[in-house]
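J.: let's see this in three dimensions:
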Amino acid sequence: MSLFNWLWGNLLDKSAQKKLIFGIGVGINLLCLGIFKYAGLVCETLNMAGLDVHWQIALPLAISFFTFEFIHYLFEIYRGAAPMKSPVLFCLFAAFFPTQIAGPIKRYQDFQKQMDEEKSLRLSYFDEGIPLIILGLAKKVLFADNFAIFVNMGYKMPEAFSSTELWIFAYAFAFQIYFDFSGYTDIARGSAMLFGYKIPINFNMPYIASNISNFWHRWHISLSSWLRDYLFIPLGGSRGSEFKTNRNLLITMTLGGLWHGASWSFVVWGMFHGLALIAHRQFARLTEKWQGLKPFFASKIWNIFSIILTFHVVCIGWVFFRVHDIGTAFGIVKKMVVFNFNSLKSLIFFTLDYPLIVPCVTVMVGALLLANFPVSWLNEKKFFQQTPAFAKALFSFVLIVLMVSLLPDHSEPFIYFQF
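T.: A predicted model of the protein is given here:
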């Protein structure tokens with residue numbers, strides 16, 4: 001695929017039939033992705049319809065990520081950008097190991113500039129890269145892996161738990177996937193920095209987003225910007241009627257969900273976020289007409305309520321992301337939404353019907369809600385570039401001691417490795 005896209009990019013640059021060549025190139029990339037990643041889902045669906053179809057093939061490592069980078073590359077050449085002349089540098093762009101497995105999704109113009117620069121070993125690379133790697137590893141083994149133990153317990157037999165407990169499991173998974181994925185991104189950014197490469201920030205405190213649109217500006221930024229630039233806008237974006245804009249949003253997020261994995265639960269997850277974005281858009285249009293309520297919608301009380309509401313909407317969506325059986329996922333969400341207040345009363349009074357871990361994890365989730373802001377601030381506000389070496393060394397030492405002391409017996413694979 002690397003060889004094909006390099007050759008095809010040069011052909012596209014010189015061709016008079018750019019639209020045709022571009023379409024064929026994108027089609028071949030999507031065909032490869034479809035055969036390796038989605039043929040199994042098609043067979044599974046046909047088997048559900050009564051047919052006996054089997055397909056087994058190994059999924060190439062990180063095919064979702066490098067396919068999107070190839071499509072972006074062809075798209076930019078179609079728009080008039082110059083192709084890469086060196087096949088070696090193009091292969092480096094595609095196979096750059098820190099980002100290949102789980103992103104962030106790189107933009108080739110930015111990365112090419114860094115490849116063209118003369119690189120020499122500098123201590124400043126280590127000064128910035130090593131603390132980022134340590135912070136990312138701490139997010140993974142201290143937070144994500146410990147949360148995974150609790151989450152796996154909850155979703156192993158979800159029917160055995162109450163509404164309150166299912167919400168706590170949803171909170172726990174929300175933080176598991178955040179610390180897991182943002183931890184990987186920190187490790188990737190730190191590893192790239194050791195070689196003098198800067199790759200884009202992929203998270204910006206997503207759980208303080210005040211609406212679902214703002215959430216997608218903060219979560220997996222490289223993917224959401226890719227979907228916007230190469231799917232939503234080419235579909236027509238928001239340039240047409242209200243119906244067409246909503247249609248484009250729903251198609252974009254549904255395909256974005258399918259990109260995450262060959263399972264109908266990911267499709268439902270994407271549709272859920274598409275519908276949430278449409279609902280937010282419609283609500284925003286209504287609030288513009290309610291002139292008398294504008295001061296309220298601009299108040300801190302409304303902002304806090306919006307953050308809490310957005311977080312809970314995202315947590316409902318995470319159920320479909322985590323539970324791949326559609327029927328089970330809908331059953332969990334129904335139980336969460338149709339709240340049983342007797343379960344809350346039982347939980348408060350610690351009856352014997354509930355394991356001791358439930359109130360313990362409730363306290364832990366509350367603590368991590370408070371910890372989410374400073375951890376992200378340390379990472380995203382250029383803490384490591386502006387802090388004295390001694391403070392960074394002490395911070396890293398404390399994290400290493402905590403990891404050695406508190407890491408679980410078993411570490412889960414990075415969640416996004418499966419994509």
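J.: alpha carbons only for contacts and neighbour counts from here, please
T.: OK.
J.: any idea which helix or strand comes after the helix or strand Phe75 falls within?
T.: Secondary structure assigned from DSSP states H and E places Phe75 in helix 63-78. The first helix or strand that comes after helix 63-78 along the chain, using DSSP H and E, is helix 87-95.
J.: which of the residues in that following helix are buried?
T.: Leu89, Phe90, Phe93, Ala94 (16 or more other CA atoms under 10 Å).
J.: chain center to it: distance?
T.: Remark: helix 87-95 is offset 25 Å from the chain centroid, using CA atoms, centre = their mean, to the nearest Å.
J.: now do that helix: everything it contacts.
T.: Ser2, Leu3, Trp6, Phe66, Glu69, Phe70, Met84, Gln100, Tyr108, Phe111, Gln112, Met115 (CA atoms under 8 Å, 6 or more residues apart in numbering).
J.: could you dump those to TSV with pLDDT, distance to Leu406 and neighbour count?
T.: Shown next, in TSV, are those (pLDDT from 0 to 100; distance: CA to CA, whole Å; neighbours: other CA atoms under 10 Å):
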residue	pLDDT	distance to Leu406	neighbour count
Ser2	94	42	18
Leu3	95	45	12
Trp6	96	47	23
Phe66	92	35	25
Glu69	94	37	21
Phe70	96	41	25
Met84	92	47	19
Gln100	86	29	22
Tyr108	89	40	20
Phe111	91	37	17
Gln112	90	41	15
Met115	89	39	17
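J.: tell me which of those is nearest to Ser225?
T.: Glu69 (12.4 Å; CA to CA).
J.: my guess is that closest one contacts Gly103. True?
T.: No. Using CA atoms under 8 Å, Glu69 is not in contact with Gly103, being 9.8 Å away.
J.: where in the protein is pLDDT low?
T.: Applying pLDDT under 70 to the chain picks out residues 339-387, 419.
J.: in it, spot the helix with the most residues.
T.: helix 163-194 (DSSP state H).
J.: now find how far off-centre that one is within its chain.
T.: 9 Å.
J.: mind giving me the packing neighbours of it?
T.: helix 97-100, helix 123-138, helix 145-156, helix 300-322, helix 326-337, helix 341-348, helix 357-380 (3 or more CA pairs under 8 Å, 6 or more residues apart in numbering; DSSP states H and E).
J.: quick check: phi and psi at the nearest residue to Phe36 once chain neighbours are set aside.
T.: Of all residues not flanking Phe36 in the chain, Leu59 sits nearest, at 5.7 Å (CA to CA, 6 or more residues apart in numbering). Taking degrees, to the nearest 10, you get phi -80, psi 120 for the backbone angles of Leu59.
J.: pretty sure Tyr38 is one of the things Leu59 touches, is it not?
T.: No. Between Leu59 and Tyr38 there is no contact under CA under 8 Å: 9.8 Å.
J.: does Lys119 count as helix, strand or coil?
T.: Taking DSSP: H, G, I helix; E, B strand; the rest coil as the rule, one finds Lys119 in the coil state.
J.: quick one: it from Thr67, how far?
T.: 27 Å (CA to CA, to the nearest Å).
J.: so for the two, which sits in the more crowded spot?
T.: Shown here are Lys119 and Thr67; by other CA atoms under 10 Å, Thr67 has more neighbours (21 against 11).
J.: spit out the contact partners of the more buried one.
T.: Going by CA under 8 Å, 6+ apart, Thr67 touches Asn29, Leu30, Leu33.
J.: now the last one: which helix or strand?
T.: It stands for Leu33. Going by DSSP H and E, Leu33 is part of helix 18-33.
J.: now that helix against helix 63-78, angle please.
T.: Comparing the axes of helix 18-33 and helix 63-78 via axes from the mean of the first three to the mean of the last three CA atoms, to 10 degrees yields an angle of 180 degrees.
J.: now do helix 18-33: which elements does it pack against?
T.: Against helix 18-33 (3+ CA pairs under 8 Å, 6+ apart) you get helix 2-14, helix 63-78.
J.: can you list the buried residues in it?
T.: Of the residues in helix 18-33, those buried (16+ other CA under 10 Å) are Lys18, Ile21, Phe22, Gly25, Val26, Asn29, Leu33.
J.: so the fourth one makes contact with Leu74?
T.: Yes. Assessed by CA under 8 Å, Gly25 is found in contact with Leu74 at 7.4 Å.
J.: which neighbours do those two share?
T.: Asn5.
J.: pull the CA atoms of the helix holding Phe75 into CSV?
T.: Provided in CSV are the C-alpha atoms of helix 63-78 (Å, rounded to 0.1, in the frame of the first residue of the first chain):
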residue,chain,number,x,y,z
ILE,A,63,-4.6,-0.6,8.9
SER,A,64,-7.3,1.9,9.9
PHE,A,65,-4.7,4.6,10.8
PHE,A,66,-2.4,4.3,7.8
THR,A,67,-5.3,3.9,5.3
PHE,A,68,-6.6,7.3,6.5
GLU,A,69,-3.2,8.8,6.2
PHE,A,70,-2.9,7.5,2.6
ILE,A,71,-6.3,8.9,1.7
HIS,A,72,-5.4,12.2,3.2
TYR,A,73,-2.2,12.2,1.1
LEU,A,74,-4.1,11.6,-2.2
PHE,A,75,-6.7,14.2,-1.2
GLU,A,76,-4.1,16.9,-0.7
ILE,A,77,-2.4,16.1,-4.0
TYR,A,78,-5.8,16.3,-5.7
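J.: tell me the contacts of Gly270?
T.: Counting by CA under 8 Å, 6+ apart, Gly270 touches Met253, Thr254, Leu255, Gly256, Gly257, Leu258.
J.: center of the chain, which residue is that?
T.: His220 (4.1 Å; CA atoms, centre = their mean).
J.: tell me the secondary structure at the residue nearest to it when sequence neighbours are not counted.
T.: Leaving aside its sequence neighbours, His220 sits nearest to Asn202 (CA to CA, 6+ apart; 5.1 Å). Following three-state DSSP, Asn202 is assigned to coil.
J.: which strands and helices lie in contact with the host helix or strand of Leu402?
T.: Element membership for Leu402 (DSSP H and E) is helix 389-406. Counting contacts by 3+ CA pairs under 8 Å, 6+ apart, helix 389-406 packs against helix 123-138.
J.: distance from the chain centre to the helix it packs on, please.
T.: Centre to centre, stretch against its chain (CA atoms, centre = their mean), the figure for helix 123-138 is 22 Å.
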